[in-house]
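Chemist: Pasted the sequence and its predicted model underneath.
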4 protein chains.
Amino acid sequence: MIPLNQHPSGRHFLQIPGPSPVPDRILRAMSLPTIDHRGPEFAALGLEVIAGLQQVFKTRHPVAIYPASGTGAWEAALVNTLSPGDLVLMFETGHFASLWQKLAARLGLQTEFIAWQGADEHLPNAPGWRRGVQADLIEARLRKDTERRIKAVCVVHNETSTGVTSDIAAVRKAIDAAGHPALLLVDSISGLASADYRHDEWGVDVTISGSQKGLMLPPGISFNALSPRALEAMKTAALPRSFWAWDEIVEMNKSGYWPYTPNTNLLYGLGESLDMLLGEGLDQVFARHQRWAAGVRAAVNAWGLPIQCADPAVYSPVLTGVITPVGVDADAVRRLIHTRFDLSLGTGLGKLKGRMFRMGHLGDSNDLTLIAMVAGVEMGLKLAGVALAGSGVQATMNHFANSPAPDAVSPLPVEGVAPTASQGQIRGGHLTTA
Amino acid sequence: MIPLNQHPSGRHFLQIPGPSPVPDRILRAMSLPTIDHRGPEFAALGLEVIAGLQQVFKTRHPVAIYPASGTGAWEAALVNTLSPGDLVLMFETGHFASLWQKLAARLGLQTEFIAWQGADEHLPNAPGWRRGVQADLIEARLRKDTERRIKAVCVVHNETSTGVTSDIAAVRKAIDAAGHPALLLVDSISGLASADYRHDEWGVDVTISGSQKGLMLPPGISFNALSPRALEAMKTAALPRSFWAWDEIVEMNKSGYWPYTPNTNLLYGLGESLDMLLGEGLDQVFARHQRWAAGVRAAVNAWGLPIQCADPAVYSPVLTGVITPVGVDADAVRRLIHTRFDLSLGTGLGKLKGRMFRMGHLGDSNDLTLIAMVAGVEMGLKLAGVALAGSGVQATMNHFANSPAPDAVSPLPVEGVAPTASQGQIRGGHLTTA
Amino acid sequence: MIPLNQHPSGRHFLQIPGPSPVPDRILRAMSLPTIDHRGPEFAALGLEVIAGLQQVFKTRHPVAIYPASGTGAWEAALVNTLSPGDLVLMFETGHFASLWQKLAARLGLQTEFIAWQGADEHLPNAPGWRRGVQADLIEARLRKDTERRIKAVCVVHNETSTGVTSDIAAVRKAIDAAGHPALLLVDSISGLASADYRHDEWGVDVTISGSQKGLMLPPGISFNALSPRALEAMKTAALPRSFWAWDEIVEMNKSGYWPYTPNTNLLYGLGESLDMLLGEGLDQVFARHQRWAAGVRAAVNAWGLPIQCADPAVYSPVLTGVITPVGVDADAVRRLIHTRFDLSLGTGLGKLKGRMFRMGHLGDSNDLTLIAMVAGVEMGLKLAGVALAGSGVQATMNHFANSPAPDAVSPLPVEGVAPTASQGQIRGGHLTTA
Amino acid sequence: MIPLNQHPSGRHFLQIPGPSPVPDRILRAMSLPTIDHRGPEFAALGLEVIAGLQQVFKTRHPVAIYPASGTGAWEAALVNTLSPGDLVLMFETGHFASLWQKLAARLGLQTEFIAWQGADEHLPNAPGWRRGVQADLIEARLRKDTERRIKAVCVVHNETSTGVTSDIAAVRKAIDAAGHPALLLVDSISGLASADYRHDEWGVDVTISGSQKGLMLPPGISFNALSPRALEAMKTAALPRSFWAWDEIVEMNKSGYWPYTPNTNLLYGLGESLDMLLGEGLDQVFARHQRWAAGVRAAVNAWGLPIQCADPAVYSPVLTGVITPVGVDADAVRRLIHTRFDLSLGTGLGKLKGRMFRMGHLGDSNDLTLIAMVAGVEMGLKLAGVALAGSGVQATMNHFANSPAPDAVSPLPVEGVAPTASQGQIRGGHLTTA
């Protein structure tokens, strides 16, 4: 097999904002032999993972699982609910919102792509890429749409290209305030299972998500969580569709099967992922990410570099973007860091190319891994000649040392004495003592 | 994790015609940590697997790899080459040809679905499902299409629902003989890497395939092998497409990357699969399957049951369908066999429901595994009260014992002496001796 | 990595009487990252596997786990209980009993090696190797030992070289009947977790076992189950020992640790193995092996070849030895079978070299796997020119078809309906339905 | 399965001086199915790993591989070369030297245990545990042994309890200078494959080593590299032995087999380990460890804490011991670090209990992993109230940033262009580009 790491020794630090590091338990589960996707064992698996996903999306309605990566789930949400030439209102929060807009246009939809129009000192060409969705702009636009031409509002929950987590409940409120019947379609590919998300409570009609972020799986499966209104819209939506069509999937899912061959081994991994996430508790998972994000931002502040997200109210718990000084090619820094320190960071995408990089802090991680990431970045910036105001590593260490993780295990009394279940949160179940 | 086998002990016999058993080497490769799909290591992997796939498809042209299952690749072939309302000529060889037709119709294409019209004693309602593509019928239909309304001819190479492997070169000859410009689109999802296939030589414009058959991978990635004419057709094809669009994939593939997140861990498996197949040699692989198929058919003949494929010229090397006597519910037999003997067989699909079952003999298998399959079926048939003319197991054993596999290792001289590379074909490379 | 199978395709049939096939669950567990053997997580693991082993040995007393293979555990049992020059009474049941005798002699013990002295038509040079331990001979010898020079009686429970499972309770009774204080040391390396075994109830002082048989693990760890009398004997035993010494192991095991580095990853596998065995239930496990053994013996009888074990009362549920006709080199047959059919059988050991081969039917197996084994043997015998009286494969199939496994899952009512836990024994836990 | 990490998320940092982190490649190799240890495939594996080990030990003579952990290999070296009551001269470098001495004594040998007798400010009760073997003391003692009662000199190459790597060539010179015939037995359990070692060139008679350190395997196999003199000594050595006896092992190893069941799956891992180490080159491996060790010591110096090894000439490249201030319980600090930061460190052993801890920097590691370790230690020391002179993390970062690893990959020119083999050292072989 071709080597997967050019470095002669040690474990790669995969700190891009997805794919996130896949836990060993999940990799092992995925490597179990493939079974018959029409057999009785598969049905039990299918029913279990769908039920678990509903808990993660916080929905009582169907969740379609596609044997395809996340971009496909974007397409699925549109072709199941819309007709050729339909107008969709999309909000430009960054590169992925832009890609989704481009995809919608390719599919023959009419798209209106609005953005925050303020000024920005550091990224004058992309001011809106430093902020979240502005619900008031959406409300204003919908109020003007007296003919109800707008069929759907499309927003990105956690914009992976910038590190901004928008307020989805506010978008729903804006639509309702405008009394507009548009569907609300939300991309939470990189938000789900890391940042708080509530499909039903927030009134989302379709939530798109993927496997390789908070669910800690390799890429390859993706999701559409549905609402009754979305299922209703499907009946008249006229965009051609077959692979993505919800009708057969939802029907066959009732018995735990799929209309065509599912991605069996990734579903094994999904089963394991759901065991881990629901075992830990979603609130714990969200708190864990918030604490990490604060620790990583402490480093950026100490360096004196601007955080890509300019609005602290919508800092992402999943990733943090860092704007490099003018004249510093952020990608050259990233490459140097990869070469010297075996650390992968996210690149600046689209309008941000070369102007920033992204540090992922999601999924199966911990304090020391994130400190190592910050150290790698700090060394790389210095080697690239970037003047730093202070030590980011020290700032992150101070943050983590002074804020014990709520889920850390309690100190064990004395070596040689087996721990008991009461001594702390145990990963993946309860420790059994003889 | 949910148990994947209800039986308390032993290894499941997965003898459906795909997913086929995944070799341990591939399962291990797939379980390596996910890497950055934008990093330098990934590019090397991407270029390697594409180059290897070209050898398997026998093409010098691009092969698009989708992070999606095979049904998606069907859709991809159509939306990249055709426009709404285009007429496609499809040939009904069985259930999968029918599903493809249904998919084409859902996408807004006009389909003409032709079939062999002879009589069949055993399956009067599905005579065409016992034979291959009739190239003369295609030629006759194309000759009548003087207005050139037919834009594509769609055929299935190896019909997984019946066990018939059609002559694709003959279809190309028929199109040429008619002097018709229609594209030739071929589904070789279950044929590729088990049955002889030659994309360029046979003049195929798009070959659709998938991972979970001859390539011995779990489901989850699928392929479109292209021709220059297919790429040309893409430029004017007007069906909406984005996820499936070839243009960006082909462009980015040149550097080993994909426009969106690929299915990284299945690509690891694909790399390993290509090492195994190309290491063994495709001709060896095809001969191995032909020999197995003959051995399994010997059993069916001994039982005195009709083989689903009525034309020996197009027996599939991948699977063998068996028609059960009238009054015997083939699915009840299958369930009994699964329960008692931990063996999965393929069900009768569509028009064949309850009337037949399918035995897979593809991919990572060997003589004893197939004998075990035949034994399980024989015991199941008897327990279900089916009268058998003779012992299928004995027939298969006789066949295998009397026809040494061309690739079997040579007898090793004396235990205790390490084998040398000259003593036979070694799996996955050469044995190294100290 | 060097290829581990010379055959180009398919899964090897490992039908030697150990190492037995390792279940996928165990292989995956073993591949989890190594942890600190002095840390708190390890202690929990250590306590759990020791407690589980006690259930398997059916003992309330300590079980020492060695990071060494089974031969080491033989040595351990002797050096912990005996002194240089001590006399031990050993019973010759076959090759492994002989190897243990040789080992005892090398350690400086005086051994008296007794055997059954009858005549045997098929194996005149090894009549005792076709029968079990004769408790009456032991009793007679002990009665004569009025000076109590014999310090221990050493017997093999399941003689892996012959396929004979001796009656250990009878040996204990013989010792008691003689009123002799000798310790009873029993090798159940290949019997434990496949054949019924009761350390405490049968009054065994040291039971030796290993990982690679009924426990379904790779080789590499081995066991000494102790009795209070054995621990008492340790205090005066004068053979030099350190690595094997029980004292420190038993002491440190109380807190879940070991005095030196344990075989961490095999202990992961042991944890999984114990989950599987105790989850299925030991009585189920024993019944499963008895049924298999009967099915395999049916084949040998049909062939008209003598079974190595001449006494039906002590047929082994773990393996069956087959004597080849005079003039047929059993090893040549085995090699032919390995080359042609990718099937490993056990060789004839010691006095049996070339005269017999052994078929293993233990651990993680099932009906079809054993039928495949029988088929491979039958084809091999025929190819080697051995005249067979009838079809062994048919006999085994008849046996298995007519005797449903008590633990087989119930037939599932209708495909598409998920099974419920009440429908049968589920592997490794209960099926969860949504 | 019992959870192996009490922390809810992220990868454990295993920074004890062995077991070292096992690379993913090795864990996957170890999880392949167990094969017949008497079959032809096994012989090829056996011959390959023995030949590879000879390269690592730098010897042309036999290397015995035991299916047992390292403590067993200590015992093996003694029982194969010595007789009851023989006098051995052992040098007290730390806890492991002391354990070996205790083991020798338990086996019935007479041991003379000498140590450096200077004064030490920080560890007055264990001055010799801060220095290496003093060859002059050995020479002096041997010169006095005019009756040649001393049969062997036993020293530890890399003392894992202290972080001191002794000069073995100097010990050989001392023995030769004294003209003494004693054998030289060396424990390089934690030195081999991390620190320079030359069995033949340094005139060592038996080198003992194990799997779980520089070879990057889990514990469970261990080694005796032999010399012709050691094999000669075996002939008259009278300590009882059987499991450990070299004679049968060396004889059977010639054909790639073992006299009893080897630890098959760990041998798979060993094959992979040897591919990695010899592929990288031993000199590269040693340089990598030296660079890491210097970086970690920079942190200890910055903290102002004493390094356990007081003699810079014998600093270990494998681990660094840190003496905590009087009044600080080093074990309490370690436990706090494990609980809060999921980082395992080595404890203070024997005379050092509670007075120091050990940081491992060996095997499959890299700069960021070691920086993370240093950060975890620094936070833990501060949380425990230890006053530090400066930032160790900053010191380590400075060291690593300013000393590029000689084996780091070259910067890759532009993303999107696949790397070529000439662009740097590639892990585990050459990158293949299409």
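Modeler: Here it is on my side, so go on.

Chemist: Chain D contacts on the stretch 251-400 of chain A?
Modeler: Applying C-beta under 8 Å from any C-beta of the partner chain, one finds that the stretch 251-400 of chain A approaches chain D through A:280, A:284, A:288, A:331, A:335-336, A:338-343, A:347, A:363-369, A:371-373, A:375-376, A:378-379, A:382-383, A:391, A:393-394, A:397, A:400. Heads up, the C-betas are built off the backbone N, CA and C, glycines and all.

Chemist: close to chain B, is the longest strand belonging to chain A?
Modeler: For chain A, the longest strand by residue count, based on DSSP state E, is strand A:150-156. No - against chain B, strand A:150-156 shows no contacts by C-beta under 8 Å from any C-beta, the least distance being 14.1 Å.

Chemist: average pLDDT for that strand?
Modeler: Strand A:150-156 carries an average pLDDT of 98.

Chemist: which of the residues of the stretch 251-400 of chain A next to chain D count as buried?
Modeler: A:280, A:284, A:288, A:331, A:335-336, A:338-343, A:347, A:363-369, A:371-373, A:375-376, A:378-379, A:382-383, A:391, A:393-394, A:397, A:400 (16 or more other C-beta atoms under 10 Å in any protein chain shown).

Chemist: Which ones among the residues of the stretch 251-400 of chain A next to chain D map onto helices?
Modeler: A:280, A:284, A:288, A:331, A:335-336, A:338-341, A:367-369, A:371-373, A:375-376, A:378-379, A:382-383, A:393-394, A:397, A:400 (DSSP state H).

Chemist: mind checking the SS state of the most centrally placed residue in chain A?
Modeler: Among the residues of chain A, the one closest to the centroid is A:S190, at 0.8 Å (C-alpha atoms, centre = their mean). Under DSSP: H, G, I helix; E, B strand; the rest coil, the three-state class of A:S190 is coil.

Chemist: from what I can see it touches A:T162, true?
Modeler: No - using C-beta atoms under 8 Å as the test, A:S190 is too far from A:T162 to be in contact (10.8 Å).

Chemist: Could I get the phi/psi values of A:E159?
Modeler: Per-residue torsions, A:E159: phi -80, psi 110 (degrees, to the nearest 10).

Chemist: give the contact list for it.
Modeler: The neighbours of A:E159, taking C-beta atoms under 8 Å, 6 or more residues apart in numbering or on different chains as the test, are A:93-97, A:129, A:132, A:165-166, A:316.

Chemist: Recalculate using a threshold of 10 Å.
Modeler: A:17, A:91-97, A:129, A:131-133, A:165-166, A:187, A:190-191, A:308-309, A:314, A:316, A:318-319, A:321 (C-beta atoms under 10 Å, 6 or more residues apart in numbering or on different chains).

Chemist: I'd like the distance between it and A:A313.
Modeler: Note on A:E159: its distance to A:A313, by C-beta to C-beta, to the nearest Å, is 14 Å.

Chemist: now swap in A:L47 and tell me
Modeler: With C-beta to C-beta as the criterion, A:L47 and A:A313 are 39 Å apart.

Chemist: more crowded one of these two?
Modeler: A:L47 (21 against 10; other C-beta atoms under 10 Å in any protein chain shown).

Chemist: thinking again about what came up before, among the contacts of A:E159, which ones are in helices?
Modeler: Using DSSP H, those in helices are A:95-97.

Chemist: ok, so of the residues you listed, who is nearest C:A174?
Modeler: A:F96 (79.6 Å; C-beta to C-beta).

Chemist: Do I have it right that the residue nearest to the centre of chain A meets A:H95?
Modeler: No - using C-beta atoms under 10 Å, A:S190 is not in contact with A:H95; the gap is 11.9 Å.

Chemist: Need the residues touching each of these two.
Modeler: A:156, A:159-161.

Chemist: If we only consider those, which is nearest to chain D?
Modeler: Using C-beta to the nearest C-beta, A:S161 is the member of these that lies nearest chain D, at 16.2 Å.

Chemist: residues contacting that closest one?
Modeler: Counting by C-beta under 10 Å, 6+ apart, A:S161 has contacts A:17, A:93-99, A:126, A:129, A:190, A:308, A:319, A:321, A:346-352, A:356, A:358.

Chemist: Now do the SS call for it.
Modeler: Per three-state DSSP, A:S161 ends up coil.

Chemist: same check, this time on A:L185
Modeler: Applying three-state DSSP: A:L185 is strand.

Chemist: What values do phi and psi take at A:Q54?
Modeler: phi -60, psi -40.

Chemist: A:W74 belongs to a helix?
Modeler: Yes - using three-state DSSP, the secondary structure at A:W74 is a helix.

Chemist: Spatially, and excluding backbone neighbours, which residue is closest to A:R25.
Modeler: A:E272 (5.4 Å; C-beta to C-beta, 6 or more residues apart in numbering or on different chains).

Chemist: is it true that A:H37 lies in a helix?
Modeler: No - the assignment for A:H37 is coil, going by three-state DSSP, so no helix is present there.

Chemist: Can you verify my assumption that it contacts B:P19?
Modeler: Yes - at 7.1 Å, A:H37 and B:P19 qualify as touching, with contact defined as C-beta under 10 Å.

Chemist: Could you pull out the residues contacting both of those two?
Modeler: A:261, A:264, B:212, B:219.

Chemist: Out of these, the closest to D:A298 would be?
Modeler: A:T264 (50.0 Å).

Chemist: D:K173 versus the closest one, what's the distance?
Modeler: With C-beta to C-beta as the criterion, A:T264 and D:K173 are 64 Å apart.

Chemist: These two - which one has more neighbours?
Modeler: A:T264 (27 against 16).

Chemist: which residues of the stretch 101-250 of chain A fall in strands?
Modeler: A:110-114, A:150-156, A:158-159, A:164-165, A:183-187, A:206-210, A:222-226 (DSSP state E, counting those that start in this stretch).

Chemist: Return the list of helices and strands in contact with the fourth one.
Modeler: The one in question is strand A:164-165. Using 3 or more C-beta pairs under 10 Å, 6 or more residues apart in numbering or on different chains; DSSP states H and E, the elements in contact with strand A:164-165 are strand A:158-159, strand A:319-323.

Chemist: My understanding was that A:D176 contacts A:W202; is that so?
Modeler: No - checked against C-beta under 10 Å, the pair A:D176 and A:W202 is beyond contact range at 11.2 Å.

Chemist: buried sites along the helix or strand containing A:G271?
Modeler: Per DSSP states H and E, A:G271 falls inside helix A:264-280. Buried positions in helix A:264-280, judged by neighbour count with 16+ other C-beta under 10 Å: A:264-277, A:279-280.

Chemist: Stretch A:211-230 now?
Modeler: So for stretch A:211-230, counting by 16+ other C-beta under 10 Å, buried means A:211-227, A:229-230.

Chemist: among the residues you listed, which are in helices?
Modeler: Filtering the buried residues of stretch A:211-230 for helices - DSSP H - leaves A:229-230.

Chemist: check the buried residues of stretch A:211-230 against chain D, which are close?
Modeler: For chain D, the contacts drawn from the buried residues of stretch A:211-230 by C-beta under 10 Å from any C-beta of the partner chain are A:M216.

Chemist: What residues does the stretch 101-250 of chain A have near chain D?
Modeler: A:M216.

Chemist: Pick out the residue of the stretch 101-250 of chain A closest to chain C.
Modeler: For the stretch 101-250 of chain A, C-beta to the nearest C-beta, closest residue to chain C: A:E248, 13.7 Å.

Chemist: Kindly supply the ChimeraX command isolating those of the contacts of A:S161 that are buried.
Modeler: The following ChimeraX line selects those of these that are buried, judged by 16+ other C-beta under 10 Å:
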select /A:17,93,94,95,96,97,98,99,126,129,190,308,319,321,346,347,348,349,351,352,356,358
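
Chemist: follow-up on the earlier one: what residues are up against the residue nearest to A:R25?
Modeler: A:23, A:25-30, A:49, A:216-217, A:428, B:1-2.

Chemist: now do 7 Å
Modeler: A:25-26, A:29, B:1 (C-beta atoms under 7 Å, 6 or more residues apart in numbering or on different chains).
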